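1. Structure for this input, please:
(one chain, ligands or ions: 1)
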Amino acid sequence: MFETTIAGSLPKPSWLAEPQKLWAPWRLGGAELEAAKLDATLVAIKLQEDAGIDIVTDGEQSRQHFVHGFLEAVNGIDFTKRVEMGIRNDRYKAMVPTVTGPLSLKGRAHAAEARFARAHTGRKLKFTLPGPMTVVDTIADGHYGDRVKMAFAFADVLNQEARGLEADGVDVVQFDEPAFNVYMDAATDWGIEALHRAAAGLTCTTAVHICYGYGIPANVEWKATLGAAWRQYERIFPALAKSRIGQVSLECRNSKAPLELLKLLDGKDVLLGVIDVATDAIETPAEVAAVIGEALRYVPRERIIPCTNCGMAPMRRDIAAAKLIALAAGAKLARERFL
Ligand code: ZN
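-> Numbers count the residues shown, from 1 in each chain. Okay, here's the model as predicted:
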């Protein structure tokens, strides 16, 4: 009961990449870099295990960014043709590569780190991939001429990788779709269908992560414009409840999304965000348990999986480590308090 997990990413050690930065450049190259990525994966797993996290991840130590790390393994993308694009409905600018031809997987994107993580933990292992709608919102199109068509092409490539991850022994494949919270109509029109295509044929647990973004200034400023009650989830939850995705990962701690909306996710496991990644303040176990307690009013207890609001990649390492401990301690307190 109240098994814990994290959204996906953890900060990288300073010997691997520049700290506290998104898209941080690697500090090594070639074979040294590949070895260092796996060393960092081992540290990420150990930190989660020692904190008491039940469903661990590789901490996304082997990718520079949660979208572009996957794209590096895809044919049909020109990384030298970078253009500045306003992403997440122009919330912030990013230099993104361009799709210049038909998409296909070069082989495997994440086999090395998934197999390595599998070999080094006896806990349940979750692996994250970007969702198709978020991918097309983070890349320029110079080939397909149609966002939806390109999203489904990415879904097929993601599906190939997801099946590979399942064969590697991954227990949960999670697709990250922060774009669902930005383009709500598109999410229900075709985003969930594209997600189904990405998850087709998987027999392992499937999840989708939908948040209000990393704790970077552009996101904090955006959230300040969303008013007193964030209703984005309300527009997509009914369609998600009908979807074939098993788990939904959400931002709940310090969130202005009313938790009563969780009622709309009937039948889904809820990865309940109980740790705020936009503040360095460490949650107390009582604060974590309080979010769980409130969610219990709307979600059956066996469907609640305490989690972080979002990835912790841009955070300080010591803060992220302390938050892992708070997450596990809060879930333990909730077990004592609510069972
Ligand atoms: Zn997120």
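2. What is the neighbour count of the residue of the stretch 101-250 of the chain found nearest the ion?
-> Closest residue of the stretch 101-250 of the chain to the ion, C-beta to the ion: residue 211 (3.2 Å). For glycine as for every other residue, the C-beta is placed from the backbone atoms N, C-alpha and C. Counted with other C-beta atoms under 10 Å, the neighbours of residue 211 add up to 24.
3. Could you pull up phi and psi at it?
-> phi -130, psi -170 (degrees, to the nearest 10).
4. The lowest-mean-pLDDT helix or strand in the chain and the ion, are they touching?
-> One helix or strand of the chain scores below all others by mean pLDDT, DSSP states H and E: helix 217-224, with a mean of 86. No: judged by C-beta under 5 Å from the ion, helix 217-224 and the ion are separated, with a smallest distance of 9.3 Å.
5. chain center to that helix, what's the gap?
-> 19 Å (C-alpha atoms, centre = their mean, to the nearest Å).
6. what's the next secondary structure element after it?
-> The helix or strand immediately downstream of helix 217-224 is helix 232-241, counting by DSSP states H and E.
7. now the helices for the stretch 201-339 of the chain?
-> 217-224, 232-241, 285-295, 317-338 (DSSP state H, counting those that start in this stretch).
8. Save those as JSON lines, and put in mean neighbour count too.
-> Below are the helices of the stretch 201-339 of the chain laid out as JSON lines (neighbours: other C-beta atoms under 10 Å):
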{"stretch": "helix 217-224", "mean neighbour count": "14"}
{"stretch": "helix 232-241", "mean neighbour count": "19"}
{"stretch": "helix 285-295", "mean neighbour count": "20"}
{"stretch": "helix 317-338", "mean neighbour count": "19"}
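9. what comes into contact with the least confident helix or strand of the chain?
-> For helix 217-224, contacts defined as C-beta atoms under 8 Å, 6 or more residues apart in numbering pick out 88, 91-92, 212-213, 230, 256, 278.
10. Just the buried subset of these, please.
-> Listed as buried from the contacts of helix 217-224 are 88, 92, 212-213, 230, 278; burial here means 16 or more other C-beta atoms under 10 Å.
11. Tell me how many other residues crowd the closest residue to residue 209 other than its chain neighbours.
-> Closest residue to residue 209 apart from its sequence neighbours, by C-beta to C-beta, 6 or more residues apart in numbering: residue 249 at 3.8 Å. Look at residue 249: counted by other C-beta under 10 Å, it has 29 neighbours.
12. isn't residue 249 right next to residue 269, touching?
-> No: between residue 249 and residue 269 no contact is recorded; they are 9.3 Å apart, counting by C-beta atoms under 8 Å.
13. shared neighbours, these two?
-> Joint contacts of residue 249 and residue 269 (C-beta under 8 Å, 6+ apart) are residue 207.
14. Residue 158 - how many residues pack around it?
-> The burial count for residue 158: 29, using other C-beta under 10 Å.
15. Closest approach to the ion from the stretch 1-150 of the chain, which residue is it?
-> residue 7 (5.4 Å).
16. give me the number of residues near that residue?
-> Count around residue 7 with other C-beta under 10 Å applied: 30.
17. can you check the one 10 residues further on too?
-> A count of neighbours around residue 17, defined by other C-beta under 10 Å, yields 22.
18. who touches it in this structure?
-> With C-beta under 8 Å, 6+ apart, residue 17 has these contacts: 24-27, 64.
19. same thing with residue 253?
-> Residue 253 touches 273-276, 283, 287-288, 291, 309, counting by C-beta under 8 Å, 6+ apart.
20. possible to save these as a markdown table with pLDDT and distance to residue 225?
-> Output for these, formatted as a markdown table (pLDDT from 0 to 100; distance: C-beta to C-beta, whole Å):
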| residue | pLDDT | distance to residue 225 |
| --- | --- | --- |
| 273 | 98 | 20 |
| 274 | 98 | 25 |
| 275 | 98 | 24 |
| 276 | 96 | 18 |
| 283 | 98 | 25 |
| 287 | 98 | 26 |
| 288 | 98 | 28 |
| 291 | 98 | 24 |
| 309 | 97 | 18 |
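21. sorry, back to before: check the helices of the stretch 201-339 of the chain for me: which has the lowest mean pLDDT.
-> Of all the helices of the stretch 201-339 of the chain, the minimum mean pLDDT falls on helix 217-224 (a mean of 86).
22. Could you tell me which of the contacts of helix 217-224 are located in strands?
-> residue 92 (DSSP state E).
23. Okay then, goodbye and thanks.
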